[in-house]
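Asks: Sequence below, structure please.
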Amino acid sequence: MDQPYESTAHADHEHKPHGWRRWVFATNHKDIGTMYLIFAGVMFFLGGAAAMAIRAQLFKSGMELFDPGVYNSLVTMHALLMIFGAVMPAWVGLANWMIPMQIGAPDMALPRLNNLSFWILPFAGTLLVSSFFVPGGAPAGGWTMYPPLMEQFGASFPMVVFAIHLLGISSILGAINIVVTIMNLRAPGMSLLRMPLFVWAWLITAYLLIAVMPVLAGAVTMLLTDHFFGTSFFNAAGGGSPVMFMHIFWFFGHPEVYILILPAFGVISEIIPTFSRKPLFGYEAMVYATASIAFLSFIVWGHHMFTVGMPVAAQLFFMLSTMLIAVPTGVKVFNWTATMWRGSLSFEPPMLFAVAFLFLFTIGGFSGLMLALVPADYQYHGTYFVVAHFHYVLVPGAVFAIIGAIYYWLPKWSGRMYDMRLAKWHFWLSVISVNVLFFPQHFLGLAGMPRRIADYAPQFTDWNMVSSIGGFVFGASQLLFPYIIWRCVRAGKPAEARPWDGARGLEWELPSPAPYHSWQTPPSEAMLAHGAEH
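Replies: Residues are numbered from 1 along each chain as shown. Modelled structure (predicted):
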C-alpha cells in the first residue's frame with residue numbers, strides 16, 4: 001500500500017524545478033517571500049541613492065549639483081521607489097514568509113496568483129527607474145503627482161503612470177491572496193481572535209489595499225486622459241479642478257500611509273512580548289485599535305489640504321477626526337509599554353529596533369497631532385516640518401520595523417544565527433544618524449524653510465549641513481544590513497530550535513492566548529485540552 005505513495009513522492013522530487021526555474025516558476029510561499037524581500041532591498045538602495053543625492057544638493061546654500069528640474073525628479077523617484085518599491089513589497093514578502101506558518105497553513109491559498117503578483121514588480125520597478133533617464137527626466141510632481149506639475153515632462157509621464165498601475169495591480173493581487181489565505185486556511189482551533197497580531201495587522205492592511213488602490217488607479221488614469229485625450233478633469237481652463245485631484249489622491253494617500261505602518265504594528269506586537277518574556281498586554285484591545293485606525297484613516301484625508309480654501313465646517317471635521325485617530329494609536333503605544341513593564345527584558349537586535357520604533361514613531365505621532373491643528377497647520381504646511389513628521393513615521397517607523405522583523409525571523413528562515421555584534425553596530429549607527437538626519441528638519445520647518453526646493457536662503461545652511469551629515473552616515477550604515485544577512489546565510493552558526501529563548505524560556509512566544517500549538521497537537525485533543533483548561 002505504501003509503494004504508490006513513495007513513487008509519487010519520488011516523481012514529485014524529480015519534477016521539482018531547480019536553478020533559475022525554481023525562482024521563475026515559484027509557487028512556494030517562502031521562495032516568493034524571499035524574492036519580494038530581495039526586490040525591496042534593491043529598490044531601497046536605489047531610493048536611498050536618490051536621497052543621498054538630495055542631501056548632497058542641500059548640504060549648503062547655493063551648491064548647484066543639479067538644476068531644479070533634476071532635483072525635483074530625484075524627489076519624485078526617491079518617494080515612489082521607497083513607498084511602492086521598497087516598503088510595500090517588503091511587507092508583502094514578510095507576509096508571504098510568515099502568515100502561512102503563523103496560522104498553520106501549508107502555503108498561500110492562491111500560489112500561482114502569488115507568483116504573478118511578484119513577477120509584475122520587476123517590470124514595474126524597471127519602468128519606474130527608466131523614467132528618470134528619458135529626455136526631460138522623471139516628472140517633478142513628487143509622490144503626490146499633483147497636476148499640472150506632473151504633466152509637464154513629456155515621455156516619462158506615461159511611463160510613471162503605467163508603472164504605478166502595475167505596482168497597484170501587484171498590491172491588489174497580493175492583498176486578495178492574503179485575505180483568502182487567512183480566512184480559509186487557518187488550522188483547526190485557530191479562531192480569528194487567537195491569531196498572532198502580525199496576521200491580524202496584515203488582514204486589516206489587505207482590506208485597506210483592496211479598497212484604496214483602485215482609487216489611485218482612477219486618479220492617475222484621469223491624469224493620463226487629461227494629458228493625451230483632451231479631457232479636463234483637473235484642467236481649470238477646461239472647467240476642471242486641480243483641487244479635485246488632491247481630494248481623490250489623498251482619499252487613497254492617507255489610508256496608504258497606514259498600509260505602510262499597520263504591518264509594523266503587527267511586527268512590534270510580536271517582538272516586544274518575546275524579549276519581555278511576557279504575553280502581550282491587551283491582545284483584543286490591540287486588534288480593535290488596529291481596526292479603528294484603519295476605519296478612521298478613510299475619513300481624515302482633508303488634513304493634507306487645510307490650505308486649499310476648505311469651508312470652516314470641513315476644517316473642523318478633519319481636525320477633530322485626525323485628533324481622534326491618535327486615541328487608538330495611543331492605546332497601542334500604552335500596551336507595548338505595559339508589555340515591557342516589569343518584564344524580563346533582553347536587548348537583542350530585534351528588540352533594539354522595536355524599542356527605537358516605539359520612541360521615534362511616537363515623536364512622529366506628536367508632530368502629526370501638531371499638524372492636525374488647523375491654525376498651526378497654516379504655518380507648518382509646505383515646510384520642512386512636514387518632511388520631518390512623515391519621515392519620523394516612515395523611517396524609524398516602517399523601515400526600522402522591517403529591519404527588526406528580518407533580524408527576528410532570520411534564524412527561523414535560514415537555520416543560522418547572524419553576527420550579533422555587527423547587528424548592534426548596525427542598530428546604533430542607524431538610530432543615532434536617523435535622528436541627526438531628521439530632527440533638525442523640525443527646526444528648519446519652524447523657521448520657515450519650504451519643501452521641494454533645490455536651493456535655500458543662507459540662514460538655513462547650518463541645520464541642513466547637520467541633516468545631510470546624518471543622512472550620509474545613515475545611508476552608509478545600511479550597507480551593513482545586506483552584508484550581515486549574506487554572512488549569516490553563507491556561514492552563520494546553526495540556530496537553536498527556539499533561538500531567542502536564552503536561559504529563561506519563552507512560554508509566551510505567541511502573542512495570542514492560544515493554549516497550544518495547532519501544528520503539534522491533533523485538533524480533537526487540542527479542543528479537549530482547551531475545554532479542560534477553561
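Asks: Strands of the stretch 351-500 of the chain, residue ranges please.
Replies: 416-417, 493-494 (DSSP state E, counting those that start in this stretch).
Asks: so which of those is the most packed in?
Replies: Using mean count of other CB atoms under 10 Å, the stretch among the strands of the stretch 351-500 of the chain with the largest mean neighbour count is strand 416-417, at a mean of 16. Backbone N, C-alpha and C define where each C-beta goes, glycine included.
Asks: Quick check: which helices or strands does that strand pack against?
Replies: With contacts defined as 3 or more CB pairs under 8 Å, 6 or more residues apart in numbering; DSSP states H and E, strand 416-417 has these neighbours: helix 480-491, strand 493-494.
Asks: closest to G47 out of the ones you listed?
Replies: For the helices and strands packed on strand 416-417, distance to G47 was read as CB to CB. The smallest value, 14.4 Å, belongs to helix 480-491.
Asks: Check which residues of that closest one are buried.
Replies: Neighbour-count burial for helix 480-491, with 16 or more other CB atoms under 10 Å as criterion, is recorded at 480-481, 484-485, 488.
Asks: Local confidence estimate at A9?
Replies: pLDDT, A9: 40.
Asks: should've said F438
Replies: Note on F438: pLDDT of 97.
Asks: What mean pLDDT does the longest helix seen in the chain get?
Replies: Taking DSSP state H as the assignment, the helix of the chain that covers the most residues is helix 242-276. Average pLDDT, helix 242-276: 96.
Asks: I'd like the next helix or strand past it.
Replies: Downstream of helix 242-276, the first helix or strand assigned by DSSP states H and E is helix 283-296.
Asks: packing partners for that following helix?
Replies: Here helix 283-296 is seen to pack against helix 197-228, helix 242-276, helix 326-340 when contacts are counted using 3+ CB pairs under 8 Å, 6+ apart.
Asks: Format those as a markdown table; extra columns: distance to V300.
Replies: Rendered in a markdown table, the data for the helices and strands packed on helix 283-296 read as follows (distance: least, CB to CB, whole Å):
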| stretch | distance to V300 |
| --- | --- |
| helix 197-228 | 13 |
| helix 242-276 | 6 |
| helix 326-340 | 11 |
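Asks: Quick check: the residue nearest to S232 when sequence neighbours are not counted vs T225, distance?
Replies: The spatially closest residue to S232, leaving aside those adjacent along the chain, is G238, at 2.6 Å (CB to CB, 6 or more residues apart in numbering). Summarising the geometry, the distance separating G238 from T225, computed by CB to CB, to the nearest Å, is 12 Å.
Asks: returning to what we had before: ok, and which of the helices and strands packed on helix 283-296 has the densest surroundings?
Replies: Among these, ranked by average contacts under mean count of other CB under 10 Å, first place goes to helix 242-276 (a mean of 23).
Asks: now the strands of the stretch 351-500 of the chain in CSV, with distance to G397?
Replies: Output for these, formatted as CSV (distance: least, CB to CB, whole Å):
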stretch, distance to G397
strand 416-417, 27
strand 493-494, 32
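Asks: Adding mean pLDDT, write those strands out as a markdown table.
Replies: Output for those, formatted as a markdown table (pLDDT from 0 to 100):
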| stretch | mean pLDDT |
| --- | --- |
| strand 416-417 | 94 |
| strand 493-494 | 92 |
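Asks: helix/strand/coil for G154?
Replies: The local conformation at G154, judged by DSSP: H, G, I helix; E, B strand; the rest coil, is coil.
Asks: For it, give its distance to S73.
Replies: G154 is 12 Å from S73, where distance means CB to CB.
Asks: What is the neighbour count of the residue nearest to S232?
Replies: Around G238 sit 11 other residues, with neighbours defined as other CB atoms under 10 Å.
Asks: what does stretch 490-500 contact?
Replies: Under the criterion CB atoms under 8 Å, 6 or more residues apart in numbering, residues 274-275, 348, 350, 408, 411-412, 414-419, 506, 509 lie in contact with stretch 490-500.
Asks: end-to-end on it?
Replies: 21 Å (CA to CA, to the nearest Å).
Asks: Low-confidence regions, this structure specifically.
Replies: Within the chain, the segments meeting pLDDT under 70 span 1-15, 151-153, 502-534.
Asks: What residues does the residue nearest to T337 when sequence neighbours are not counted make contact with?
Replies: Leaving out its chain neighbours, the residue that sits closest to T337 by CB to CB, 6+ apart is L358, at 7.2 Å. Contacts of L358 were listed using CB under 8 Å, 6+ apart, and they are 268, 272, 333, 336-337.
Asks: still on that earlier bit, mutual contacts of G238 and T225, please.
Replies: Common neighbours of G238 and T225 are listed as T231 (criterion: CB under 8 Å, 6+ apart).
Asks: roughly how far out does the host helix or strand of L113 sit from the chain middle?
Replies: Taking DSSP H and E as the definition, L113 sits inside helix 111-130. Centre-to-centre, helix 111-130 and its host chain are 17 Å apart (CA atoms, centre = their mean, to the nearest Å).
Asks: Quick one: list the elements packing against that helix.
Replies: Secondary-structure packing of helix 111-130 (3+ CB pairs under 8 Å, 6+ apart): helix 29-57, helix 68-80, helix 88-103, helix 156-184.
Asks: report the angle between the axes of the last one and helix 68-80?
Replies: Here the directions of helix 156-184 and helix 68-80 differ by 10 degrees (axes from the mean of the first three to the mean of the last three CA atoms, to 10 degrees).
Asks: Show me what helix 156-184 is packed up against.
Replies: With 3+ CB pairs under 8 Å, 6+ apart as the test, helix 156-184 has helix 68-80, helix 88-103, helix 111-130, helix 197-228 packed against it.
Asks: Tabulate the ones you listed (JSON lines), appending distance to L185.
Replies: Converted to JSON lines, these look like this (distance: least, CB to CB, whole Å):
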{"stretch": "helix 68-80", "distance to L185": "33"}
{"stretch": "helix 88-103", "distance to L185": "7"}
{"stretch": "helix 111-130", "distance to L185": "12"}
{"stretch": "helix 197-228", "distance to L185": "11"}
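Asks: about what we covered before: which of G154 and S73 has more residues huddled nearby?
Replies: When neighbours are counted by other CB under 10 Å, S73 comes out ahead of the other of G154 and S73, with 23 against 13.
Asks: So A401 versus A90, what's the distance?
Replies: 10 Å.
Asks: So those two - more neighbours on which side?
Replies: Neighbour count, other CB under 10 Å: between A401 and A90, A401 has more, with 29 against 26.
Asks: Contacts only, for the more buried one.
Replies: When contacts are counted by CB under 8 Å, 6+ apart, A401 touches 263-264, 267-268, 353-354, 357.
Asks: if we go to 6 Å?
Replies: Neighbouring residues of A401 by CB atoms under 6 Å, 6 or more residues apart in numbering: 264, 267, 357.
Asks: any chance of these in TSV, with distance to A53 too?
Replies: Formatted as TSV, the entries for the contacts of A401 read as follows, by distance: CB to CB, whole Å:
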residue	distance to A53
A264	27
V267	30
F357	27
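Asks: Chain neighbours aside, what residue packs nearest to Y378?
Replies: Here the nearest residue to Y378 in space, its sequence neighbours aside, is T307; by CB to CB, 6+ apart that works out to 6.3 Å.
Asks: Then the one you found would be within a helix, right?
Replies: Yes. Read with three-state DSSP, T307 is one of the residues of a helix.
Asks: so it sits right up against Q379, yeah?
Replies: No. Applying CB atoms under 6 Å, one finds T307 not in contact with Q379, separated by 10.2 Å.
Asks: that older thread, and the helices and strands packed on helix 111-130, which is most packed in?
Replies: For these, the stretch with the most neighbours on average is helix 88-103, a mean of 25; neighbours defined as mean count of other CB under 10 Å.
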